[in-house]
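K.L.:
here's my sequence, what's the structure:
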Amino acid sequence: MEAPTPLNHVHEDTVRRVNESIPCEEELFDLAELFKVFGDSTRVRILFVLFESEMCVCGLAELLGMTQSAISHQLQVLKKAKLVRYRREGKTIFYSLADGHVRAILDQGMEHITE
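P.N.:
Model prediction:
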């Protein structure tokens, strides 16, 4: 005796409704790229430091035990992703979180992993 064939019934209304609410491919790509930035623990450490206080490259390097060159490289990635901003004071550049969204992303991530 053959096993019954499972029913393959597409709920067209649901599929259509969900399809209309999904962001376009370009937006999904951009979102995936943003989350890739959070895939590096050094960048996340930098963000958590900037969560507490704005800092210059030399301060970040000292605090994180890294070279200024390595910190600068990671800051470039974070700036490109619009996660940090900077201001110049004389010859020194100070970095800080770009806005409250970055703080919210970090808070939500921490809340999720500590549940």
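K.L.:
where in this structure is pLDDT low?
P.N.:
In the predicted model of the chain, residues 1-7 satisfy pLDDT under 70.
K.L.:
dump the C-alpha coordinates for stretch 22-35 into PDB.
P.N.:
Written as PDB, here are the backbone C-alpha positions of stretch 22-35 (Å, rounded to 0.1, in the frame of the first residue of the first chain):
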ATOM      1  CA  ILE A  22       9.000  41.900   2.500                       C
ATOM      2  CA  PRO A  23      11.600  44.600   1.800                       C
ATOM      3  CA  CYS A  24      13.100  44.800  -1.700                       C
ATOM      4  CA  GLU A  25      16.300  42.800  -2.600                       C
ATOM      5  CA  GLU A  26      18.500  45.900  -2.300                       C
ATOM      6  CA  GLU A  27      17.300  46.700   1.200                       C
ATOM      7  CA  LEU A  28      17.800  43.100   2.300                       C
ATOM      8  CA  PHE A  29      21.300  43.100   0.800                       C
ATOM      9  CA  ASP A  30      22.100  46.400   2.700                       C
ATOM     10  CA  LEU A  31      20.700  44.900   5.900                       C
ATOM     11  CA  ALA A  32      22.800  41.800   5.500                       C
ATOM     12  CA  GLU A  33      25.900  43.900   4.900                       C
ATOM     13  CA  LEU A  34      25.200  45.900   8.100                       C
ATOM     14  CA  PHE A  35      24.900  42.700  10.100                       C
END
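K.L.:
next helix or strand past the helix or strand L47 falls within?
P.N.:
Assigning secondary structure by DSSP states H and E places L47 in helix 41-52. Elements were assigned by DSSP H and E; along the chain past helix 41-52, the next helix or strand is strand 55-56.
K.L.:
does anything pack onto that next one? Which helices or strands?
P.N.:
In terms of contact count using 3 or more Cβ pairs under 8 Å, 6 or more residues apart in numbering; DSSP states H and E, strand 55-56 is assigned the packing partners strand 92-97. Heads up, the C-betas are built off the backbone N, CA and C, glycines and all.
K.L.:
next, the angle helix 41-52 makes with the helix or strand just after the strand it packs on.
P.N.:
In the C-terminal direction, the helix or strand that comes right after strand 92-97 (DSSP H and E) is helix 100-113. Helix 100-113 and helix 41-52 are oriented at 120 degrees to each other (axes from the mean of the first three to the mean of the last three Cα atoms, to 10 degrees).
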